[in-house]
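Undergrad: generate a structure from the sequence data that follows.
(one chain, ligands or ions: 1)
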Amino acid sequence: MLSREIHLKSYPKGLPSSENFELTTVTVSEDLGDKEVLVRNLYMSVDPYMRGRMSGKKTYVDPFALNEALTGGAVGRVVASRHNDWPVGTLVSHFFGWREAFKTADGRQLTKLPDMQDLSPSVWLGALGMPGLTAYAGLLEVAAMKEGETVFVSGAAGAVGAIVGQIAKIKKGRVIGSCGTSEKAAYLTTELGFDTALNYRQAPIAQQLAQAAPDGIDVYFDNVGGDHLEAALPLMKNFGRIALCGAIAQYNDQEPGPGPKNLAFAIIRRLTLRGFIVSDFAGMQKDFVRDMSLWMKEGQVKARETIVEGLDQALPAFLGLFKGENTGKMLVRL
Ligand SMILES: NC(=O)c1ccc[n+]([C@@H]2O[C@H](COP(=O)([O-])OP(=O)(O)OC[C@H]3O[C@@H](n4cnc5c(N)ncnc54)[C@H](OP(=O)(O)O)[C@@H]3O)[C@@H](O)[C@H]2O)c1
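TA: Prediction:
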């Protein structure tokens, strides 16, 4: 079977471009050895953290190797198998994204997924997958949000942010979200039930946020960093909590940007700022899937996806994350 895959050719400086990548075709042998499993991918995820892995430096995870297929979350179906635990037709999630098909020696890197009648398998890469768990653990555990609190979430129309805001509504919070277009802002308030949505391109975020939160903010879920973090700090209530989830505004910076110039508010307001990585919260996975499945079934959480077609669109989809081209989870259908 022929499979196309995307290799990293060079480590990008600043915003990546097509020159840093190569779309190539390999042959995946269908002649399987004992216990081998052949998987055809259905959907792959593009995620902001992948930019960090393209830097050539180790962060909390190793950098991508050059001249090899990139990796990342994906779901696929077993199309040939010589392993009794992985029969043909099994739906699986795994980390062999950025390619159409692959073979594993013994299925150990695969996770079985249930086939659900009313939900697309892509949901395991979004609301029921890594971004959903990030939102759930970040809001409820890292920021320890309590009922009735005022929550501000940046990147609010994205995969993580949209779920954060909806969980905060379920927990009876007052929710303010920021995003980059008025269409997204309207989506947050009319479809997802946010109390207030701010378009940071319309006016300085600090000014808009001060108007939206006259009584202060208990929890800030930071997906953006930079000016958004700086805007939130002086508006935090005493003993407020900031979950530092991401800083997408800075991922393509060639030089580290300045830290928030008003960090002294962390002292003045006795704040807790806690960075976190979702993989540290694997212990919450079972509760998360139980709660999120129920919320989705009841219509309390809606999970929009932005889907592009074909592996050749994976790079534009990835770059689109930095231009705000997605509403909800950005995915590639393979
Ligand atoms: N800590 C963890 O374990 C963990 C896990 C998953 C994700 N994350 C982080 O969480 C954040 C959201 O991830 P996601 O997967 O949900 O992505 P996403 O929000 O679905 O997509 C990225 C969004 O970021 C916004 N954006 C891009 N550049 C921006 C800028 N310069 N200023 C403000 N907004 C900008 C865009 O929306 P607009 O139209 O609103 O600009 C874009 O749609 C990222 O920072 C990511 O790295 C962290």
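Undergrad: okay, now residue 312: neighbour count?
TA: Counted with other CB atoms under 10 Å, residues neighbouring residue 312 total 12. Where you see a C-beta, it was placed from the backbone N, CA and C, and this is true even at glycine.
Undergrad: now do the SS call for it.
TA: helix (DSSP: H, G, I helix; E, B strand; the rest coil).
Undergrad: now the helices: where do they sit in the stretch 201-334 of the chain?
TA: 205-212, 226-232, 265-268, 285-297, 314-320 (DSSP state H, counting those that start in this stretch).
Undergrad: which of these is buried the deepest?
TA: Mean neighbour count (mean count of other CB atoms under 10 Å) peaks for helix 226-232 among these, with a mean of 22.
Undergrad: next, the residue lying closest to residue 148 once chain neighbours are set aside: phi, psi?
TA: Distances taken as CB to CB, 6 or more residues apart in numbering place residue 172 nearest to residue 148, at 5.4 Å, with adjacent residues excluded. Main-chain dihedrals, residue 172, degrees, to the nearest 10: phi 60, psi 30.
Undergrad: can you check residue 124 too?
TA: Dihedral angles for residue 124 - degrees, to the nearest 10 - are phi -70, psi -10.
Undergrad: so it touches residue 92, yeah?
TA: No. Applying CB atoms under 8 Å as the test, residue 124 and residue 92 come out as separate, 9.6 Å apart.
Undergrad: overlap in contacts of these two?
TA: When contacts are counted by CB atoms under 8 Å, 6 or more residues apart in numbering, residue 124 and residue 92 have 75, 113 as shared neighbours.
Undergrad: domains of the protein?
TA: 2-126+303-333, 130-279 (automatic domain parsing).
Undergrad: can you redo those as a markdown table with distance to the ligand?
TA: Below are those laid out as a markdown table (distance: least, CB to the nearest ligand atom, whole Å):
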| stretch | distance to the ligand |
| --- | --- |
| domain 2-126+303-333 | 3 |
| domain 130-279 | 2 |
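Undergrad: residue 151: what's it in contact with?
TA: Contacts of residue 151 (CB under 8 Å, 6+ apart): 139, 143, 145, 164-165, 168, 173-176, 217-221.
Undergrad: make it 10 Å
TA: 139, 143, 145, 164-165, 167-169, 171, 173-177, 194-195, 213, 217-221, 241, 243 (CB atoms under 10 Å, 6 or more residues apart in numbering).
Undergrad: which of the helices of the stretch 201-334 of the chain sits closest to residue 100?
TA: Nearest of the helices of the stretch 201-334 of the chain to residue 100, taken as CB to CB: helix 314-320 at 10.4 Å.
Undergrad: next, count neighbours for residue 177.
TA: Neighbours around residue 177, by other CB under 10 Å: 30.
Undergrad: ditto for residue 27
TA: Residue 27 has 9 nearby residues by other CB under 10 Å.
Undergrad: tell me the bridge partners for it.
TA: As for beta bridges, residue 27 partners with residue 2 under DSSP bridges.
Undergrad: for it, give me the pLDDT.
TA: We have a pLDDT of 97 for residue 27.
Undergrad: which parts of the stretch 151-300 of the chain are strands?
TA: 174-179, 196-199, 217-222, 236-244, 272-275 (DSSP state E, counting those that start in this stretch).
Undergrad: any chance of those strands in CSV, plus mean pLDDT and distance to residue 282?
TA: Converted to CSV, the strands of the stretch 151-300 of the chain look like this (pLDDT from 0 to 100; distance: least, CB to CB, whole Å):
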stretch, mean pLDDT, distance to residue 282
strand 174-179, 98, 27
strand 196-199, 98, 32
strand 217-222, 99, 20
strand 236-244, 98, 17
strand 272-275, 98, 17
